[in-house]
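Novice: With the sequence up front, the predicted model follows.
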Amino acid sequence: MGDSLGANPTLQTIATMRSVRDFKPDPVDDDKIRTVLEAAVRAPSSSNSQPWEFLVLRDAKVKRRVGEVVSARWHALMDAGMAKMPPDRRRIYDGATRLVDHTGTVPVVILACIDLNRASKSEEAKYGSIYPAVENLMLAAWSLGLGCCITTHGSSTARGEAEVKKVLGVPESIKVAAMIYMGYPSKKHRPPIRAAVDRVVHYDAW
């Protein structure tokens, strides 16, 4: 953790948050779900369009049905590309596979969506409006002792968007942007390892 992020509680949350793919079976209280969603809708958006919609899945049967769709699509993608994947990347994707295969048992699954009728027209503005809201949601969750993993399951044809929307009754005008898994981490996590900021920051010119 950088020295400048150690003392301030907000910055400490940012510095320590990491993806969580293994969760306790404990349910998440509705008030905590509400809190993370309240944080999400405080995010900035293009032209203040606030195009976000969030679909919260708690029912095990619903999560299993969605999981069947996204797991099948994920395995098809992995089968096509796994042979060319280096071992260090494969370890990460093995964890992602384990998560998607257990979608039905994750305490909460949240679909972050874009209402195309409210969104700015450019693709950059659409996604630039939803992902800050997702980051707010995840940071709020971490501050409450919850972990999250953002995925793109259900967000495209290759990832089962049409089938997921059919299962959940999502209108045609709604675009799925991300699927976030959320619950209490099953183990303690160390802060994520990141490159030193001086390696990636340039001032005034490259």
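Specialist: Received the coordinates, thanks. Numbers count the residues shown, from 1 in each chain.
Novice: any weak-confidence spans in this structure?
Specialist: Along the chain, the parts satisfying pLDDT under 70 run over 1-4, 6, 82-83.
Novice: So the residue sitting nearest the centre point of it, which state does it fall into?
Specialist: With distances taken as Cα atoms, centre = their mean, residue 150 lies nearest the centre of the chain, 1.9 Å away. Under the three-state scheme (DSSP: H, G, I helix; E, B strand; the rest coil), residue 150 adopts strand.
Novice: and what of residue 94?
Specialist: Following three-state DSSP, residue 94 is assigned to helix.
Novice: isn't residue 140 right up against residue 40?
Specialist: Yes - the pair residue 140 and residue 40 qualifies as a contact (Cβ atoms under 8 Å) at a distance of 7.5 Å. Every residue, glycine included, has its C-beta placed from N, CA and C.
Novice: Give me the residues contacting stretch 99-108.
Specialist: In this structure, residues lying in contact with stretch 99-108 by Cβ atoms under 8 Å, 6 or more residues apart in numbering are 21-28, 33, 56-58, 60, 63-64, 66-67, 70-71, 74, 109, 149, 151, 153, 181-184.
Novice: now stretch 73-89
Specialist: Counting contacts by Cβ under 8 Å, 6+ apart, the residues outside stretch 73-89 that touch it are 90, 93, 96-97, 100, 153, 158-160.
Novice: among those, who's most crowded?
Specialist: Ranked by the number of neighbours (other Cβ atoms under 10 Å), the contacts of stretch 73-89 place residue 153 first, at 28 neighbours.
Novice: how about the nearest residue to it, chain neighbours excluded?
Specialist: Counting by Cβ to Cβ, 6 or more residues apart in numbering, residue 153 lies nearest to residue 70, which is 3.9 Å off, once chain neighbours are set aside.
Novice: What is the neighbour count of the one you found?
Specialist: Residues near residue 70, counting by other Cβ under 10 Å, number 24.
Novice: surely the residue nearest to the centre of the chain meets residue 18?
Specialist: No - the pair residue 150 and residue 18 fails to qualify as a contact (Cβ under 8 Å) at a distance of 11.4 Å.
Novice: coming back round to it: who has more neighbours out of residue 140 and residue 40?
Specialist: Taking other Cβ under 10 Å, residue 140 and residue 40 do not tie; residue 40 has more neighbours (24 against 20).
Novice: Please give me every residue in contact with the more buried one.
Specialist: 52, 54, 112, 133-134, 136-137, 140.
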